[in-house]
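*Asks:* predicted model, plus sequence, below.
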Amino acid sequence: MKTGAQLLINALIRENVDTIFGFPGGSVIPIFDVLYDTKEIELVLTRHEQGAVHAADGYARSTGRVGVCMSTSGPGATNMVTGIATAHMDSVPVVMISGQVKTNLIGNDAFQESDVTGIMRAISKYTMLLKDVREIQPAVKKAFHIANTGRPGPVVIDLPVDITQQKADEMKDLKIDLPGYKPKYEGNTMQIKKAAELINASKMPIFYVGGGVVISGCADLIKEAAEKANIPVTTTMLGLGSFPETHPYALKMLGMHGTAYANHAIMESDLVIAVGARFDDRVTGKLEEFAPHAKVIHIDIDPTAISKNVQVDIPIVGDAGKVMKALIPHLKEKKRTEWFRMIEEWKKEYPLSYDKESTELMPQYVVEQIYEVSQGKAIITTEVGQNQMWAAQFYTYTAPRTFISSGGLGTMGYGFPAAIGVQKAFPDAIVVDVAGDGSIQMNIQELNTAHRLGLPINIVILNNGYLGMVRQWQELFFDRRYSSTDLKDNPDFVRLAEAYDCRGVRVDKKEDVVPVLKEAFSSPEVWVIDCLIKREENVFPMVPAGEALNRMIGGMA
């Protein structure tokens, strides 16, 4: 017989878990004690539980595998709330294991007790509170199955400390049978044929591709379909990399801060083919005026996402890859010369641009040089705000799982711990966290984690001394009343990096960017590159809240 803690770790090993990101505490001491002698799993000790869950999230997004994180009860578990909500909004497979007080104390306001399943239920795919040691191994199998099937998402296992100390027999060859949970993977054949007929008859179709294509692993099928039927492709932010932006059919990102030509194209199209995307408000703008001339085909594994925001003409519920594979044989080759002529005119008239003659250091230039110096082979993580948008706009993405960012929740402090998860999964990759001077401070303590593990992460801070995106809105819509957005008392990021035994350097001249990036990318150390950029540079284009996509504020700041 084995203790519950041993049964838990053995179950995780059977799920091929090699890394857990976590932080210890009283209610998980028995589990950490087993991990002390476990060679198959590395416990990555972060400096905050939020760092642990974001690291697990970054690991999952970059690999396609389930990320695992662990915390103690009470404040340890509640510190993971933001990370679990982040993973839930973006459909990321994460399994969180939280310790809990003894079963006989649950509900008695015991020391470090919190209702974890109650708190997490609304922001996770599934939650479980275990009450018997014999539930542990079936629960782990169930958690991994639910997290990584259908529309992925986080699953929370709340585990009382006394259950981890009780003993039971090992349970092997467990089978999963969840009668109420049967994700649909194969698309309806008749609906697929109808979709093909609509595509073949269309004169101005557009592929609108989201994170579901990345999750499904069917980027190659989108490219095959686009090239066969001659259809341009635009992506959401979480879909970046699912269609190579070097391709002549690429329109890059659409939406509030998308390219003007992508927004014009979707507004003029006669058919929107949405694959693995959910028509969120940052993409659609004013719903009543979104793609007013277009019929809509929507392919998504989540039936609740279809017609939730935009009324769909042909819904197809199923895995994006399986549906696309079935759809492609029915597509006809069609030149669509006039449609591409219009798109080329928009590309020439409305390119992404910024003031390249400025004497101040421009953030867009920094991002462009990250692409050039890394030869387009970096994995980019981001914080949230202007830094995130510049990273989305001015780095050229050519492969899926190379842009890792918080989309739906917009979580400041996400990018750096996510980079830790990415670098653990890909130790030889160039990993760059494009950060803002505000958001980087939210999980700056993870510099200790990165340094201790010897992870050569590059943190590029686009430092404008503001909470930049909020400041931009205050400038444009609130008469420059910069309420609580001026960060004039920022710390010295170079000295802060050095305090954590990391490399720190400040860059304020254009000519210094490339030499510093070259040295950093070839170094085995953690680098903090503090780029002092133009303070009131804005992210353009910009669709004001509540406006249609073709009513953009454009130009340069």
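*Replies:* Looks like it arrived, so ask away.
*Asks:* just the helices in the stretch 101-250 of the chain please.
*Replies:* Along the stretch 101-250 of the chain, counting by DSSP state H, counting those that start in this stretch, helices occupy 116-120, 136-147, 161-165, 189-201, 211-216, 219-229.
*Asks:* how about the ones you listed in JSON lines, adding mean neighbour count?
*Replies:* (Glycine included, C-beta is placed from N, CA and C.) Shown next, in JSON lines, are these (neighbours: other Cβ atoms under 10 Å):
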{"stretch": "helix 116-120", "mean neighbour count": "20"}
{"stretch": "helix 136-147", "mean neighbour count": "22"}
{"stretch": "helix 161-165", "mean neighbour count": "21"}
{"stretch": "helix 189-201", "mean neighbour count": "17"}
{"stretch": "helix 211-216", "mean neighbour count": "27"}
{"stretch": "helix 219-229", "mean neighbour count": "19"}
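*Asks:* make a markdown table from these and add mean pLDDT to it.
*Replies:* Compiled in a markdown table, the helices of the stretch 101-250 of the chain are given as follows (pLDDT from 0 to 100):
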| stretch | mean pLDDT |
| --- | --- |
| helix 116-120 | 98 |
| helix 136-147 | 98 |
| helix 161-165 | 98 |
| helix 189-201 | 98 |
| helix 211-216 | 98 |
| helix 219-229 | 98 |
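*Asks:* could I get those helices as TSV with distance to residue 270?
*Replies:* Shown next, in TSV, are the helices of the stretch 101-250 of the chain (distance: least, Cβ to Cβ, whole Å):
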stretch	distance to residue 270
helix 116-120	44
helix 136-147	39
helix 161-165	59
helix 189-201	9
helix 211-216	22
helix 219-229	14
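*Asks:* between those helices, which gets nearest to residue 8?
*Replies:* Proximity to residue 8, assessed across the helices of the stretch 101-250 of the chain by Cβ to Cβ, is greatest for helix 136-147 (5.3 Å).
*Asks:* then that closest one to CSV, C-alphas only?
*Replies:* What follows is helix 136-147, C-alpha atoms only, in CSV (Å, rounded to 0.1, in the frame of the first residue of the first chain):
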residue,chain,number,x,y,z
ILE,A,136,-6.8,10.3,-6.0
GLN,A,137,-5.6,8.3,-9.0
PRO,A,138,-9.0,8.2,-10.8
ALA,A,139,-9.2,12.0,-10.2
VAL,A,140,-5.8,12.6,-11.8
LYS,A,141,-6.7,10.6,-14.9
LYS,A,142,-10.0,12.4,-15.1
ALA,A,143,-8.4,15.8,-14.7
PHE,A,144,-5.9,15.3,-17.5
HIS,A,145,-8.6,13.9,-19.8
ILE,A,146,-10.9,16.9,-19.2
ALA,A,147,-8.1,19.5,-19.4
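*Asks:* quick one: that helix to chain centroid distance?
*Replies:* Averaging C-alpha positions (Cα atoms, centre = their mean, to the nearest Å) puts helix 136-147 23 Å from its chain's average.
*Asks:* output the contacting helices and strands for it.
*Replies:* Applying 3 or more Cβ pairs under 8 Å, 6 or more residues apart in numbering; DSSP states H and E, we find helix 136-147 packed against helix 4-14, strand 94-100, strand 126-129, strand 155-160.
*Asks:* that one relative to helix 4-14, how many degrees between them?
*Replies:* 40 degrees (axes from the mean of the first three to the mean of the last three Cα atoms, to 10 degrees).
*Asks:* who touches helix 136-147?
*Replies:* 4, 7-8, 10-12, 15, 66, 93-95, 125-126, 128, 130, 153-155, 157, 159, 163, 168, 170-171, 174, 176, 178, 181 (Cβ atoms under 8 Å, 6 or more residues apart in numbering).
*Asks:* give the PyMOL command for selecting the buried subset of those.
*Replies:* Buried members of the contacts of helix 136-147, defined by 16 or more other Cβ atoms under 10 Å, are picked up in PyMOL with:
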select buried, resi 4+7+8+10+11+12+15+66+93+94+95+125+126+128+130+153+154+155+157+159+163+168+171
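*Asks:* adding mean pLDDT and distance to residue 215, write the helices and strands packed on helix 136-147 out as TSV.
*Replies:* Shown next, in TSV, are the helices and strands packed on helix 136-147 (pLDDT from 0 to 100; distance: least, Cβ to Cβ, whole Å):
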stretch	mean pLDDT	distance to residue 215
helix 4-14	98	22
strand 94-100	98	13
strand 126-129	98	17
strand 155-160	98	16
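*Asks:* identify whichever of these lies nearest to residue 414.
*Replies:* Going by Cβ to Cβ, the one of those nearest residue 414 is strand 94-100, 13.0 Å.
*Asks:* off-centre distance for the closest one?
*Replies:* The gap between where strand 94-100 is centred and where its chain is centred comes out at 20 Å by Cα atoms, centre = their mean.
*Asks:* give me the helices and strands touching it, please.
*Replies:* Judged by 3+ Cβ pairs under 8 Å, 6+ apart, strand 94-100 is in contact with helix 49-63, strand 67-71, helix 75-78, helix 81-89, helix 116-120, helix 136-147, strand 155-160, helix 161-165.
*Asks:* helices or strands up against the first one?
*Replies:* Think helix 49-63. Other helices and strands packing on helix 49-63, by 3+ Cβ pairs under 8 Å, 6+ apart, are strand 19-22, strand 67-71, helix 81-89, strand 94-100, strand 403-404, helix 415-425.
*Asks:* buried residues in the worst-scoring helix or strand of the chain on mean pLDDT, which are they?
*Replies:* Using mean pLDDT, DSSP states H and E, the weakest-scoring helix or strand in the chain turns out to be helix 281-284, at a mean of 95. Within helix 281-284, the residues that count as buried by 16+ other Cβ under 10 Å are 282-284.
*Asks:* tell me which of the helices and strands packed on strand 94-100 sits nearest to residue 554.
*Replies:* Closest approach to residue 554 among the helices and strands packed on strand 94-100 (Cβ to Cβ): helix 81-89, 28.8 Å.
*Asks:* got a list of contacts for the closest one?
*Replies:* For helix 81-89, using Cβ under 8 Å, 6+ apart, the contacting residues are 49-50, 52-54, 56-57, 60, 69, 92-94, 96, 119-120, 123-125, 153-154, 156, 406-409, 411, 414.
*Asks:* hmm, residue 75 is touching residue 112, no?
*Replies:* Yes - using Cβ atoms under 8 Å, residue 75 is in contact with residue 112, at 6.8 Å.
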